[in-house]
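Novice: Give me coordinates for this.
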Amino acid sequence: MTALVCRLCGFILLGLGLWGFAARGSFWVFEVNPVQHILQVALGSAALWASWSDQRVARKFCIGSAAAYGFVALLGFLNVPAVVDFLSLNRADHWLHLLIGGTFLAAVALSRTALATGHTGRTDRATPAHGSPGM
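Specialist: Okay, the predicted model is just below:
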């Protein structure tokens, strides 16, 4: 689950970051800021790398991203000028950061549940199923 979330968020963040360099002013209800776009490209690239790495790497990336996005959302809701002004954040950005952080956190929680129950979503085709000939 964490690799899938890393891959999806990676493509979205990378696409938005690259697209944002061409945009001017604001997009829908979000402010456009070059610093945010640099961060989006960097995080999107890192998320894609994590998605094609080991499952542990993707999980650790999701944990770190959940913490980072949650922290930025919290600082935004508290209206901390150093963060809000530097990144040109508005209320919509705070909710979006909370949503992204929550998505990464949910991926970690779901992958933990899958690991605990033994359902990782992967199949090993080289190993015969239980009760099949060849065991």
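
Novice: Surely G15 and S45 touch.
Specialist: No. Here G15 does not reach S45: they are 11.4 Å apart, not a contact under Cβ atoms under 8 Å. Every C-beta, even on glycine, is put in place using the N, C-alpha and C of the backbone.

Novice: For the longest helix along the chain, name the packing helices and strands.
Specialist: When the chain is parsed with DSSP state H, its longest helix is helix 91-117. Counting contacts by 3 or more Cβ pairs under 8 Å, 6 or more residues apart in numbering; DSSP states H and E, helix 91-117 packs against helix 2-20, strand 30-31, helix 55-77.

Novice: If you average the pLDDT over that helix, what comes out?
Specialist: Over the span of helix 91-117, the pLDDT mean works out to 86.

Novice: Now that helix: buried residues?
Specialist: Residues 93-94, 96-98, 100-101, 103-105, 107-108, 111 are the ones in helix 91-117 that count as buried (16 or more other Cβ atoms under 10 Å).

Novice: again, but for stretch 62-79
Specialist: 62, 65-66, 68-70, 72-73, 75-76.

Novice: Can you give the contact residues for that stretch?
Specialist: Residues from elsewhere that reach stretch 62-79, judged by Cβ atoms under 8 Å, 6 or more residues apart in numbering: 2, 5-6, 9, 43, 47, 50, 83-84, 87, 89, 91, 93-95, 97-98, 100-102, 104-105, 107-108, 111.
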